[in-house]
Structure formats: C-alpha cells, structure tokens
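In: just need the structure, nothing else, for what follows:
(one chain, ligands or ions: 1)
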Amino acid sequence: MNKSPFRAIATVLTGLFVMGASCAAQADGKLVFEKPKPDIAATPPMGWNSWNHFACNIDEAKIRGAADAMAASGMKDAGYKYVIIDDCWQTGRDAAGNIVADTQRFPSGIKALADYVHSKGLKFGIYSDAGLKTCGGRPGSRGHEYQDAKQYAAWGVDYLKFDWCNTGPANAEASYTVMAMALRDSGRDIVFSICEWGDNHPRDWAPAVGHLWRTTGDISDAWVKDAKSRAYEHGMLDILDQQVDLWRDSGPNHWNDPDMLEVGNGGMTDTEYRSHFSLWSMLAAPLIAGNDLSAMDDATKAILLNKDVIAVDQDALGIEGRRAIKTGDDEVWVRPLAGGDKAVVLFNRSETAHDISVDWSTIDMPAGMKADVKDLWSKAVRKDVKGSYGANVPAHGVVMIRVTPKV
Ligand code: GLA
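Out: Presented below is the predicted three-dimensional model:
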C-alpha cells in the first residue's frame, strides 16, 4: 500500500472530520490540496455506464460489447469516450486487502478489459463506494482508498464513480477528499465522479474535490416517478425540477450531474427521450448513455447521435443553461454559448401540442436584432428572424433551437 504523505494527511483529515473538529487542510473554509485536480473534464464527460440497463447483471462480454458498439455506431466519433462498469464487478478482498473482481463474470480480469476498451480508442471507468460496502453490497473502499486508487491506476482506469452507501456517520466532504487525494497520488489522471445524491451540500465542496457530482437520487426510466420507481428513484421531470437553482455551481472541470441518461431503455416515448436529451444538454450534464448500445433502434441512435444537441452540451464556455420562463406547463430554457449564440429549448410538459415562443429579450438580444435560427432536431433553418421565435411543440416534447445573432 502507498505510504505517501498524502495518505497520512488524508487519514488524519478523515479522523478530524469524523470527530467534527476543525481541519488543518482547510483555510478560510476552503479545501487546500497539495496536488491539483487534473484538468481532464473541460467539457462534461461523455460515455456509457452499465447501471441503468444492466444493473448487477454485468460481465466482461457485455462491457466489451458496449465498447464495440460505441466505436461502431458513430458514438465515439460524436464524442462519447468513457465505458464505465458500475456496481457488482467486485466480490471481495484478498489477504493483502486488494480488491478482487468476480472471476465468473470477469474471467479475463479488469486489466484485460481496460486494455480492450483502450484498444478501441476509448477510455475505461469503474465504480466503488466511500463506505464499507457498495449499494449492491459488494466491498467498498473505506480504509482502502489509497490501495484501490493504486490498483485502478495499474489497471488503466480513467474514471471513477464513487458512491455513498453504507457510510454510517462519515463526513461526505472528508470521505470524498480522501479518495480525491488518493487518485491524485496514483500516478494516473482519473476523472472523479462524486455520487452522494446531493445529500451533503456538494455545491459547497465538490467543485474542488471532483470533476462532477450527482445532484439528486437515482433517475428511473420514467417521465415522472411512477409505481415501478423505487423509493430513492425520481422520474426525469422530477430530476429536472431539482436542477433549476443549481446553474451557478457548474463549469469547466466541475459539473453538476443530474444522473445518467435513460434514452433507449423503453420506459419513455421517443418524444420524451428527445426532451430528456435536449434538457440534459442545456444543463451541461455529463452525457452518460445507459441503454444497451448493442441493440439500439434507429430512433435511439438518432437521439444519442444528434451532433447539434451534443455541441450545445459540450459548448466550450461551459455555462449551464437555466429555466428563464415557466408558465404552467410551458417552459423556456436558455443557455449562452461560445461566440454569442444562444441555445433555447421550448418545452411543453402538457398532454397537448401547442405553440410556445421566446422573445429576444428573454435571451438578452435587442428586439430589432436579426438572427439565424436552426431547429436542432428538424435541422430547418430560418434566416433573419427578428423579435421572437415561436413553434408548435408536441406534448411532452421540445423544440430546441440555436440562435446565431447577426452582428
Ligand atoms: C446508487 C447510485 C446508482 C448506482 C447504484 C449501484 O444507487 O446512485 O447510480 O451506481 O448505486 O448500486
């Protein structure tokens, strides 16, 4: 196990936080890290994660299949990069405390799987938990943070999702800080995805600690929470509504994470999935697909591969969009983009199609200014539009546009 000074500091830190005492590594209430967070998430991470579709029913063939499909379907070319194994790949620890993968399901081992994913020109991610056990009851990383981080680096891990089950009275900021320090000390650049469901005020500390942090409990494959959703799960709209006040917290290398995509999993209509994908892109959300990539229908592909919408998500300014107007079931979401363009979503939450429009004043443009407007789903372009833009929006649907002012 690594015996670096970081580990020592981290251990002391945990102790101090857990006891509720003040912490030597905090100055003026701000965390001070000896090693900086690697700058590897200038735009929100994009990839695929096994959980939303497969849950614990994973094996190396499925993960390899996801990597194959990501490369062959055009997703890789569209920017998707990380292939992430979620919970249930691990079964125990050996006598030296090293984490051991399930040899039935991953007989070739995790290093071979990471090598395979890398051979496709993709990056490899894995999952653990800050507690004694993961949410699926597998061994967590508590007390093994430095050992696990070294192991991940040796395997070639590029992304770690770190969950928050079975943590008892532990302090979230301290626990995630320990793992952040361990990762920074591991010798490999690893994206750190914090997953404590927004329960411990992550906006106050997570931007310094990780590259992204969950803002809510789990998403379920439903428009709104339904009878099939578990207690800790939320429908897509429920999650959206919890993002409204968070837009100031996000930016390059530190992103709000409203949870992974459900596009293509079958619980919503294609119209609803288009809304989900559009709105997540307005939120500068990590675009982590959660469907079976090896069995995508054309509609699912057309959503996940919409390069105009992805370009909004990945915009270089990294300013999260926000809800500018809400009138009953009609909403207008606005996101400023690099170069002065604006992305706008006209969102109809109701059960009937109707017109929604946006005035230029809502997107900080003079009424007299001309702009070219591209509909990012139909691809239609209207030139020299002045004052406002309106469109008929399907029930549960969006019209998403990119407005390019003519200056
Ligand atoms: C928690 C997380 C999910 C998933 C499961 C795995 O519920 O929030 O995203 O990782 O654990 O058990």
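In: could you find the closest non-adjacent residue to A149?
Out: With Cβ to Cβ, 6 or more residues apart in numbering as the criterion, A149 has its nearest non-adjacent residue at 3.7 Å, and that residue is A182. Heads up, the C-betas are built off the backbone N, CA and C, glycines and all.
In: quick one: the one you found is in a helix?
Out: Yes: A182 forms part of a helix when assessed by DSSP: H, G, I helix; E, B strand; the rest coil.
In: what number of residues lie near it?
Out: 27 (other Cβ atoms under 10 Å).
In: same for the strand or helix carrying W48, what does it pack against?
Out: Using DSSP states H and E, the element containing W48 is strand 46-49. Here strand 46-49 touches helix 60-72, strand 82-84, strand 123-129, strand 287-289, going by 3 or more Cβ pairs under 8 Å, 6 or more residues apart in numbering; DSSP states H and E.
In: given that strand, what are its sheet partners and their directions?
Out: Sheet pairing here is set by DSSP bridges, and for strand 46-49 it gives strand 82-84 (parallel), strand 287-289 (parallel).
In: just put the ones you listed in a markdown table and tack on distance to S50.
Out: Formatted as a markdown table, these follow (distance: least, Cβ to Cβ, whole Å):
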| stretch | distance to S50 |
| --- | --- |
| strand 82-84 | 7 |
| strand 287-289 | 10 |
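In: want to throw those strands into JSON lines with distance to L246 and mean neighbour count?
Out: Listed next are these as JSON lines, based on distance: least, Cβ to Cβ, whole Å; neighbours: other Cβ atoms under 10 Å:
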{"stretch": "strand 82-84", "distance to L246": "23", "mean neighbour count": "27"}
{"stretch": "strand 287-289", "distance to L246": "17", "mean neighbour count": "27"}
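In: could those be laid out in TSV, adding distance to K37 and mean pLDDT?
Out: Putting these into TSV (distance: least, Cβ to Cβ, whole Å; pLDDT from 0 to 100) gives the following:
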stretch	distance to K37	mean pLDDT
strand 82-84	17	99
strand 287-289	20	99
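In: those: which one's closest to W197?
Out: Closest approach to W197 among the strands paired with strand 46-49 is made by strand 287-289 (15.7 Å; Cβ to Cβ).
In: how about the closest one, does it get close to the ligand?
Out: No: contact of strand 287-289 with the ligand (Cβ under 6 Å from any ligand atom) is absent, the minimum separation being 9.9 Å.
In: contact partners of that strand?
Out: 44-49, 75, 79-80, 82, 84, 260-261, 263-264, 277, 280-281, 304, 310, 313 (Cβ atoms under 8 Å, 6 or more residues apart in numbering).
In: report the buried members of those residues.
Out: Among the contacts of strand 287-289, those scoring as buried are 44-49, 75, 79-80, 82, 84, 260-261, 263-264, 277, 280-281, 304, 310, 313 (criterion: 16 or more other Cβ atoms under 10 Å).
In: so how far is the ligand from the spatially most central residue of the chain?
Out: A centroid search over the chain (Cα atoms, centre = their mean) returns P286, at 3.3 Å, as the residue closest to the centre. Counting by Cβ to the nearest ligand atom, to the nearest Å, the gap from P286 to the ligand is 12 Å.
In: isn't that residue right up against M46?
Out: Yes: the criterion here is Cβ atoms under 8 Å, and P286 meets it with M46 at 7.0 Å.
In: give me the below-cutoff pLDDT ranges for the stretch 1-150 of the chain.
Out: 1-31 (pLDDT under 70).
In: and it, which residues reach the ligand?
Out: Going by Cβ under 6 Å from any ligand atom, the residues of the stretch 1-150 of the chain near the ligand are W51, D86, D87, T134, C135, G136.
In: now those as JSON lines including secondary structure, distance to V345 and neighbour count?
Out: Formatted as JSON lines, these follow (DSSP: H, G, I helix; E, B strand; the rest coil; distance: Cβ to Cβ, whole Å; neighbours: other Cβ atoms under 10 Å):
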{"residue": "W51", "secondary structure": "helix", "distance to V345": "26", "neighbour count": "23"}
{"residue": "D86", "secondary structure": "coil", "distance to V345": "29", "neighbour count": "25"}
{"residue": "D87", "secondary structure": "coil", "distance to V345": "32", "neighbour count": "21"}
{"residue": "T134", "secondary structure": "coil", "distance to V345": "35", "neighbour count": "24"}
{"residue": "C135", "secondary structure": "coil", "distance to V345": "32", "neighbour count": "20"}
{"residue": "G136", "secondary structure": "coil", "distance to V345": "35", "neighbour count": "17"}
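In: and those, which is closest to I58?
Out: Distance to I58 across those (Cβ to Cβ) is lowest for D86, with 7.5 Å.
In: quick one, what contacts that closest one?
Out: N49, S50, W51, I58, Y127, K161.
In: on that earlier part again, among the residues of the stretch 1-150 of the chain next to the ligand, which two are most distant?
Out: W51 and T134 (11.3 Å).
In: which residues are common contacts for the two?
Out: Common contacts of W51 and T134 (Cβ under 8 Å, 6+ apart): D87.
In: and the helices in the stretch 51-200 of the chain?
Out: 51-54, 60-72, 75-78, 110-119, 145-155, 172-184 (DSSP state H, counting those that start in this stretch).
In: contacts for the first one, please.
Out: Where contact means Cβ under 8 Å, 6+ apart, the residues beyond helix 51-54 that reach it are K62, D86, D87, I219, D221, M260, L261, E262, N265, G290, N291, D292.
In: how many other residues sit next to the first one?
Out: Going back to what we said before, that points to K62. 18.
In: give me the distance between T43 and the ligand.
Out: To the ligand, T43 is 22 Å away according to Cβ to the nearest ligand atom.
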